[in-house]
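Asks: The sequence isn't on hand, but the structure is:
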């Protein structure tokens, strides 16, 4: 077992984790959330924002961002977009009780001690930010101001919707802005349309003091960051994780 000193709040141990699929939630036909229970002889060790390689029979390892909190040492949660490729077509065959191996953690898309963080997520790009928000909640980081802008084409695509709404209700230091871009659901209490400069200014008037993270399709990240630069946000305040 090799030690990896990761830029982040703690030392990270790289390892292979034997696991069993404990829960499968189908968000949409092409978006599935998996929970993997780690065998009792080990506990997970990672920083929010990192990813694991998932190894299932018949497929080479495939990287996926971790959604679960680093405080949950007995499980790993992944949200996976089913693209129909050689990796996801095998992963989609997984059933509850099946065995899988998780290898890692990897990645440096992590918070570095800042007290003001803003996250932009498109679709399944919410995954690393879910881990960050859960870590802020679970470790009572009440002095960290966290803002999430989460955009999806249709209402059904939003993962962990109820949990995000609950976070905002129960934790004054967490703001969640949910916006749908390609439908007009009658029972939708949140935003509609793309994230705009006015939406950012309204939500966080002191936005220039924030570190901005974005994860999702390259077009979304490039568009958001171009807008932030026009708003006067410094380049070194922008961090990205492209698919």
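Replies: Thanks, I have the structure now. Since this is a predicted model, take the numbers as computed values, not measurements. Numbering: from 1, shown residues only.
Asks: just checking, what packs against the longest strand along the chain?
Replies: In the chain, taking DSSP state E as the definition, the longest strand is strand 15-28. Contact here means 3 or more C-beta pairs under 8 Å, 6 or more residues apart in numbering; DSSP states H and E; on that basis strand 15-28 packs against strand 31-38, strand 75-81, strand 99-106. All C-beta spots, glycine's among them, are computed from the backbone N, C-alpha and C.
Asks: want to try JSON lines for these, with mean pLDDT, mean neighbour count and distance to residue 175 as columns?
Replies: What follows is these, written out as JSON lines (pLDDT from 0 to 100; neighbours: other C-beta atoms under 10 Å; distance: least, C-beta to C-beta, whole Å):
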{"stretch": "strand 31-38", "mean pLDDT": "97", "mean neighbour count": "20", "distance to residue 175": "23"}
{"stretch": "strand 75-81", "mean pLDDT": "97", "mean neighbour count": "21", "distance to residue 175": "21"}
{"stretch": "strand 99-106", "mean pLDDT": "96", "mean neighbour count": "19", "distance to residue 175": "27"}
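Asks: Please tabulate the ones you listed in a markdown table, including the columns distance to residue 191.
Replies: Output for those, formatted as a markdown table (distance: least, C-beta to C-beta, whole Å):
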| stretch | distance to residue 191 |
| --- | --- |
| strand 31-38 | 21 |
| strand 75-81 | 21 |
| strand 99-106 | 33 |
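Asks: so who does the nearest residue to residue 233 once chain neighbours are set aside touch?
Replies: Take residue 233 and drop its neighbours on the chain: the residue closest to it by C-beta to C-beta, 6 or more residues apart in numbering is residue 208, 6.1 Å away. The contact partners of residue 208, by C-beta atoms under 8 Å, 6 or more residues apart in numbering, come to 231, 232, 233, 234, 237.
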